[in-house]
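1. below is the structure, and that's it, no one-letter string:
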């Protein structure tokens, strides 16, 4: 069987064949199922598709209320999870509104408003004037306009201000509330509005660039891309002056925003979802087998991998070194590195965080490690063959008790033609990492004393372990198409469609494998990010 990385990655719109398309594993390639029609005659010069309306994710909701109200509450931690795919897009906004979620929104709004008005500093930030000392509703309207601008991420329309001002007045007359209590009720209502809960882009085009999104829409795109939260005052000011219509201003904003501590959300949510590291806090390893494993070590792994991501974003390290760069030092992780031979460990694939997350609690999983590399780092979609019952590794090997020698068990697993089709593709990659145990410590033998064998042959290259395979993977990753597609998808919260092919190619070529910050700048200055989507003909 032939399964060439260079052929797959030369066109990331193709999906790997073989075990992805059927049992035979012939190595043929098919079109990637990206939910769109692949029309080679499609005019890609027209304005691109826009961002779909979608709910704020749990992280975005918690960050937004924190920066909007100054609260430390995290209500979204208790919201029901969406069945979202692709950076938590939550695109079917209305159909996903269960009664439980709606009630959660109302309960959260009540709790958040009460919390904000019970704290002097939080209340003062909302009450930009004293409604009790203002004749009529002038002060209330000013509060509504200012708070509403930040809550909706856009200026309120006159009719909206009138409606909330009427609620303010009614709260005093009908509910006999004080002016401050009436404002609190309005704040609570604003927090249950679809304009707050959903990412909706509306309003006129940019005055400086007809056909482009207005400043507030661009400011919101930037802030949720890099901060997973609402714009700050500098972004709102830039939006008000329509300054975000220029590419230079967008680049400057990216630099400013990535330098802000709030950019930690970008590493947690973008990298965390793309490369899976945000699931590390919930990962478990068998502490009886690996006594060093505890929450402190788990936290150190997450800190280290996030520091690694930072070095490729704002630290100036080019993406071309992602599989070869040295690791950030960590005192708590030193025991995991203690037995490393010289040159045994470099790059993302030998970070303890990756090695741990791609393992089971009690043993390594070469298949999982290889699948993670292909799917997440190279954007090769993989799925089990249809109508095939894949046995557990231990069941296939016919043994009892825990698996000690994983390579030996996989050889028995491949005895089944149904299993061999996939494992012949995955095993060479996964087994190259077998010198690293389920929490990333270097080893030379399995628990039963068998020596670890990490050798293999891939694409005609014979290697002793992962260090010999990395050059093959580096060469295959040179196009930069996968990270380009990932940043693009995260920024627009949708999967690329057929009309995006040319744009992605252009973005990747202009980026040239520089820093992730450079890639973000290429994406936010692209037409796909800046232009309003044109209505499609029925």
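-> The structure has been received and is ready for your questions. Bear in mind the structure is a predicted one, so any value in this text is a computation, not a measurement.
2. so where's the stretch 251-400 of the chain uncertain?
-> By pLDDT under 70, the low-scoring segments of the stretch 251-400 of the chain are 383-400.
3. how about the helices of it, start to end?
-> Ranges of helices in the stretch 251-400 of the chain, per DSSP state H, counting those that start in this stretch, are 264-266, 272-274, 295-313, 334-337, 352-357, 366-372, 393-397.
4. any buried residues in the fifth one, and which?
-> The reference is to helix 352-357. Judged by neighbour count using 16 or more other CB atoms under 10 Å, the buried positions of helix 352-357 are 352-357. C-beta: built from backbone N, CA, C; applies to glycine.
5. and for the longest one?
-> For helix 295-313, the buried set under the neighbour-count rule, 16+ other CB under 10 Å, comprises 297-298, 300-302, 304-306, 308-313.
6. who does it touch, helix- and strand-wise?
-> helix 352-357, helix 516-524 (3 or more CB pairs under 8 Å, 6 or more residues apart in numbering; DSSP states H and E).
7. quick one, that helix and helix 516-524 angle?
-> 60 degrees (axes from the mean of the first three to the mean of the last three CA atoms, to 10 degrees).
8. what's helix 295-313 in contact with?
-> The contact list for helix 295-313 (CB atoms under 8 Å, 6 or more residues apart in numbering) reads 258, 264, 266-268, 271, 277, 280-281, 283, 317-319, 321-322, 325, 327-328, 330-333, 348, 351-354, 356, 439-440, 515-517.
9. any of the residues you listed buried? List them.
-> By 16+ other CB under 10 Å, the contacts of helix 295-313 give 258, 266-268, 271, 277, 280, 283, 317, 319, 321-322, 325, 327-328, 330, 332-333, 348, 351-354, 356, 439-440, 515-517 as buried.
10. the residue most distant from the middle of this protein, which is it?
-> Distance to the chain centre peaks in the chain at residue 135, reaching 48.6 Å (criterion: CA atoms, centre = their mean).
11. residues near residue 292, how many?
-> By other CB atoms under 10 Å, the residues close to residue 292 number 14.
12. so how far is residue 111 from the residue nearest to it when sequence neighbours are not counted?
-> Excluding its sequence neighbours, the residue lying closest to residue 292 (CB to CB, 6 or more residues apart in numbering) is residue 335, at 5.5 Å. Distance of residue 335 to residue 111, given as CB to CB, to the nearest Å: 43 Å.
13. neighbour-wise, which of these two wins?
-> Taking other CB under 10 Å, residue 335 and residue 111 do not tie; residue 111 has more neighbours (16 against 13).
14. name the helices or strands packed onto the one helix or strand residue 217 maps to?
-> Under the criterion of DSSP states H and E, residue 217 resides in helix 215-226. For helix 215-226, the packing partners by 3+ CB pairs under 8 Å, 6+ apart come out as helix 233-240, helix 247-258, helix 264-266, helix 481-492, helix 516-524, helix 527-530.
15. to residue 78, which of those lies closest?
-> Of all these, it is helix 264-266 that lies closest to residue 78, at 19.7 Å by CB to CB.
16. elements contacting that closest one?
-> helix 215-226.
17. I'd like the average pLDDT over the helix or strand that contains residue 142.
-> Assigned by DSSP H and E, residue 142 falls within helix 138-152. The average of the pLDDT scores along helix 138-152 is 97.
18. what comes up buried for whichever helix or strand comes after it?
-> On the C-terminal side of helix 138-152, the closest following helix or strand by DSSP H and E is helix 158-173. Using 16+ other CB under 10 Å as the test for burial, helix 158-173 gives 160-161, 164-165, 167-168, 171-172.
19. against residue 466, how distant is residue 375?
-> Residue 375 is 18 Å from residue 466, by CB to CB.
20. nope, residue 316 is what I was after
-> According to CB to CB, residue 316 and residue 466 sit 26 Å apart.
21. and these two? Which one has more around it.
-> Shown here are residue 316 and residue 466; by other CB under 10 Å, residue 466 has more neighbours (26 against 11).
22. and that one, backbone torsions?
-> phi -60, psi -30 (degrees, to the nearest 10).
23. which one is it nearest to, not counting chain neighbours?
-> In space, and not counting its chain neighbours, residue 466 is closest to residue 432: 4.4 Å by CB to CB, 6+ apart.
24. surely that neighbour and residue 454 touch.
-> Yes: using CB atoms under 8 Å, residue 432 is in contact with residue 454, at 5.4 Å.
25. understood, closing this out.
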